[in-house]
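A.B. asks: Just the structure for this:
(2 chains)
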Amino acid sequence: MALSRRDFLKASAAAAALAAATGGRLGVDDAEAAEGGLKWGKAPCRFCGTGCGVLVGVKDGKIVATKGDPAAPVNKGLNCIKGYFLSKVLSGKDRLTKPLIRKGNRMVEASWDEAMSLIASKFKESIAKHGPDSVAIFGSGQWTVFEGYAAAKLFKGGIGTNNIEPNARFCMASAVTGFMSTFNSDEPMGCYDDLDLGDTYFLWGANMAECHPVLFSRLIDNRLKNQKVKIIDFGTRHTRTSQMADMYIRFNPQTDLALLNGIAHIIVRDKLYDESFIRKHVVFKKGKTNIGYGLEDKFKFADDPKPMSFDEYREFLAPYTPEYVSRLSGVPVNTIEEVARLYADKKRKVNSLWTMGFNQHVRGTWVNNLVYNVHLLTGKICKPGENPMSLTGQPSACGTAREVGTFTHRLPADMVVTNEEHRKKAAEIWGVPVEKIPAKPTYHATEMFRALDRGDIKVLWVQVTNPFQSAPNLSRYRKGARKGGGRFIIVSDIYPTRSTELADVILPSASWVEKEGFFGNAERRGQQWFKMVDPPGEARNDLWQTIELAKRLGYGNLFPYRYVEKEIFEEYRKFTVGGKDLAPYEAYTRARGLRWPYVNGKETLWRYAEGYDPYVKAGEGVKFYKNKPTDGRAVIWARPYEPAAEVPDKQYPFWLCTGRVLEQWHTGTMTGRVPELKRAYGTAVCEMHPDDAKRLGIKQGGKVKLTSRRGSIVLTADLRGRGKAERGNVFVAFFDENKLINELCIDAYCPISGEPDYKKCAVKVEKA
Amino acid sequence: MPISGVVITCRPEASRELCRQLDQPGVVEVTHTLEDGSLVAVIESSSVDDEVSVVKSIMATAGVLDVRIAYHNFEDIADRA
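C.D. replies: The predicted model follows:
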């Protein structure tokens, strides 16, 4: 009997699911053969930083099917629920298709030539009148590697300003400064294989089940196979992750600093540490304390590290008794003792995983240091199945923002503008005079928007992000953008957003498989894809836009490429030789991603580990070789508990925490275009504890007014949602463009990383 | 009509009962039960909207730990997708 097309597709669906579930393999070629008429191509998913592999099926120039890529090691053929919407996010009805120029209160269609001429004239005028530091670009961890590299080269090597920042400053900067201060090299030693190989997983401020569902599934799969596996969720809010964990440990906001010192206290007190590992691989240091919160414009901070001995470190830990830490954190003494013993148990393979709870923190760098301390004390690091790992929220926060170096202070591959040798190397590769690259960083993200508000920055180009929804203390920066006085804002995006509404020019961009691209995920895996469909209308990719501006400013010579993407990548790769060692571009076109360092045709699963990392010699075991100033040792830092910038008081008695939910991604500019997701979770709500609600006369579904020192907002109360706020805390997701919760957030930040704390400010809660 | 192939991770002890409970001809067809208790299913519906509702209701079913998508074909509604 002949199969109908529908029967055939059903069989294909079942076969693909079965193959993924059983570890079978169905490659691109096989898939193409199996479903004649569809052309399949590989790409990493467009959403979070996990980097799941997707196969995209195209027919007659349209995407008609997607599947998890069975050959992709990250997700092994399975995608999370967002996989249903990968193609839909490209085809919203209000997709931007033509350049738009502001004429009074209206945005008027223009040609690319008109738009780019206007932008170039504004750049030239501002640079001539106010100098190169009066123009800036704000990009993102969704920039492809090519886009981020071109922007950095144009601004630092062409225009001659360090005014380039990514939105990754809002989500990953503390992870970077944590890595740099402890290991003198950004990015993790471990990889996702640790999710399958370990048996003890501490999650800190990470709702993995909703925000990294595919990685959380790997943990669940591991637990199903191995009864020893324990998942311990440290949180200030009960989530779907807490529900599925073996232990949920609620702690008071900001006291993660004290908890980690308390765990270290017990490990040192009871001599549970690995003495040999410490002797060979660790040094101890302390830095400045009472370091401020960056609330004042032009706030400056420089740490002053001093060496210390293990005995001095022991003295530093002395006050962090389980009793003291319990009083601060609200975690029972016996739980703190139990957790410390789990961390130190020599028969357990221990991993720590974290996201924004650590990074969006006024002591974000410190808390990253402190979790490394525990792994370094116990020697549970740089081994298969035993590692600390910072997870990322954007698809190329690591590959582009961090590794290409699109921060004000960075150059590609861990290099910094303050180092003369680094500037020389960059200038040589870029073919520009070294004097062109300024030696001083200018503004990190929050300071960049403060500079725009003050008028120190006049022209700002925003690409692939939505800062006028995502910045903290948002009202100030939204007003600042429209103050006039020569300010000129350009926004490149694929949809109208709360940022495009403030723009003087809007440029329609290509997205994901509408262009050739390259992302780098949280486990050092670089992934390349080819263009598969055309962007709609006159939309063009951001890389073309940046190079077009360069040509019009007289810097076209910096971009002399024919096959632009490949040649940019190969140029960028020169920066990585002898350290991060990216593979040749061609290798990525074939592979489902490769983890650097890639040496002699082999990727590296575990950095700093003999037998895996090509830079660790035989007999060395573990070598933190990037930390040359400490003779290849990692640093255990004495970092104290210090309070949040703003704590609840009589007038503002609740903590406000913001974050993400499963259905909506970041500011919702893509997922908000999917009607199904809008219906599933279309409006931000205020999660609060039923006891707090009862005391205030607030009912499920009733209106609640939140007020901070910076603004107020009315939301619907949710007392029994998937996420459950603890007493004295409220939680609001930040995706909703009609409920700008970030207007309430404080723009206090970690003085070392510059990353704001979106997780803690004080609010008043009233029945509305 | 979109069609998807999904893998449903279950508590192993709940797998047999879930197979019976989730199977709805024309909507959810459980095609395989694996040794570890996971279920392989095909979901059919009139729109992606319905598909997502079905997946979310499976996710919310007691004993289900996770639902992941292996395959999604929406060729006959690609213009609207």
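A.B. asks: Give me the domain ranges for chain A.
C.D. replies: A:2-89, A:100-169+A:395-560, A:173-388+A:633-638, A:654-745 (automatic domain parsing).
A.B. asks: Grab the longest helix from chain B for me.
C.D. replies: Assignment by DSSP state H gives helix B:48-59 as the longest helix of chain B.
A.B. asks: What is that one packed up against?
C.D. replies: helix A:675-681, strand B:3-10, strand B:39-44, strand B:64-73 (3 or more CB pairs under 8 Å, 6 or more residues apart in numbering or on different chains; DSSP states H and E). (Glycine included, C-beta is placed from N, CA and C.)
A.B. asks: number of nearby residues for residue A:696?
C.D. replies: When neighbours are counted by other CB atoms under 10 Å in any protein chain shown, residue A:696 registers 15.
A.B. asks: separation between it and residue A:764?
C.D. replies: Using CB to CB, to the nearest Å, residue A:696 is found at 10 Å from residue A:764.
A.B. asks: got it, and residue A:43?
C.D. replies: Applying CB to CB, the value for residue A:43 to residue A:764 is 46 Å.
A.B. asks: Those two: which has the busier surroundings?
C.D. replies: Set side by side, residue A:43 and residue A:764 show more neighbours around residue A:43, with 24 against 18, by other CB under 10 Å.
A.B. asks: Which phi and psi values does the more buried one adopt?
C.D. replies: Dihedral angles of residue A:43 (phi, psi; degrees, to the nearest 10) stand at phi -160, psi 150.
A.B. asks: any idea how far it is from residue A:247?
C.D. replies: 37 Å.
A.B. asks: what about the chain, any weak spots by pLDDT?
C.D. replies: Here I'm looking at chain A. A:1-3, A:24-36, A:663, A:675-681 (pLDDT under 70).
A.B. asks: my bad, chain B
C.D. replies: Checking chain B against pLDDT under 70 turns up B:77-81.
A.B. asks: repeat that for 50
C.D. replies: Across chain B, residues meeting the criterion (pLDDT under 50) sit at B:80-81.
A.B. asks: Do me a favour and get the end-to-end distance for stretch A:480-493?
C.D. replies: Stretch A:480-493 has an end-to-end distance of 21 Å (criterion: CA to CA, to the nearest Å).
A.B. asks: Check stretch A:673-687 too.
C.D. replies: End-to-end for stretch A:673-687, by CA to CA: 24 Å.
A.B. asks: Show me what from the stretch 101-250 of chain A comes close to chain B.
C.D. replies: A:213, A:214, A:216, A:217, A:220, A:221, A:224, A:225, A:244 (CB under 8 Å from any CB of the partner chain).
A.B. asks: quick one: which two of those are the most distant?
C.D. replies: Farthest pair in those (CB to CB) is A:213 and A:225. Separation: 18.7 Å.
A.B. asks: If you count surrounding residues, which of the two has more?
C.D. replies: Shown here are residue A:213 and residue A:225; by other CB under 10 Å, residue A:213 has more neighbours (27 against 10).
A.B. asks: wait, isn't that one in contact with residue A:662?
C.D. replies: Yes. Residue A:213 lies in contact with residue A:662 (CB atoms under 8 Å); the separation is 6.9 Å.
A.B. asks: shared neighbours, the two?
C.D. replies: A:80, A:81 (CB atoms under 8 Å, 6 or more residues apart in numbering or on different chains).
A.B. asks: surely residue A:645 meets residue A:299?
C.D. replies: No. Checked against CB under 8 Å, the pair residue A:645 and residue A:299 is beyond contact range at 11.7 Å.
A.B. asks: coming back round to it: closest one to residue B:1 among the domains of chain A?
C.D. replies: With CB to CB, the closest approach to residue B:1 among the domains of chain A belongs to domain A:2-89: 7.5 Å.
A.B. asks: Just the buried residues of stretch A:228-244, please?
C.D. replies: Residues A:229-242, A:244 are the ones in stretch A:228-244 that count as buried (16 or more other CB atoms under 10 Å in any protein chain shown).
A.B. asks: Make JSON lines from the residues of the stretch 101-250 of chain A next to chain B and add distance to residue A:159 and secondary structure to it.
C.D. replies: Output for these, formatted as JSON lines (distance: CB to CB, whole Å; DSSP: H, G, I helix; E, B strand; the rest coil):
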{"residue": "A:213", "distance to residue A:159": "41", "secondary structure": "helix"}
{"residue": "A:214", "distance to residue A:159": "40", "secondary structure": "helix"}
{"residue": "A:216", "distance to residue A:159": "43", "secondary structure": "helix"}
{"residue": "A:217", "distance to residue A:159": "45", "secondary structure": "helix"}
{"residue": "A:220", "distance to residue A:159": "49", "secondary structure": "helix"}
{"residue": "A:221", "distance to residue A:159": "49", "secondary structure": "helix"}
{"residue": "A:224", "distance to residue A:159": "54", "secondary structure": "helix"}
{"residue": "A:225", "distance to residue A:159": "54", "secondary structure": "helix"}
{"residue": "A:244", "distance to residue A:159": "49", "secondary structure": "helix"}
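A.B. asks: just to revisit the earlier point, of the buried residues of stretch A:228-244, closest to chain B?
C.D. replies: residue A:244 (6.8 Å; CB to the nearest CB).
A.B. asks: isn't that closest one right up against residue A:209?
C.D. replies: Yes. With contact defined as CB under 8 Å, residue A:244 and residue A:209 form a contacting pair (5.9 Å).
A.B. asks: Could you tell me which residues touch both of these two?
C.D. replies: Common neighbours of residue A:244 and residue A:209 (CB under 8 Å, 6+ apart) are residue A:216.
A.B. asks: Now do the buried residues in stretch A:320-332.
C.D. replies: Of the residues in stretch A:320-332, those buried (16+ other CB under 10 Å) are A:320, A:321, A:322, A:324, A:325, A:326, A:328, A:329, A:331.
A.B. asks: wait, I meant stretch A:621-635
C.D. replies: For stretch A:621-635, using 16+ other CB under 10 Å, the buried residues are A:621, A:622, A:623, A:624, A:625, A:626, A:627, A:630, A:632, A:633, A:634, A:635.
A.B. asks: Compute the first-to-last residue distance for it.
C.D. replies: 17 Å.
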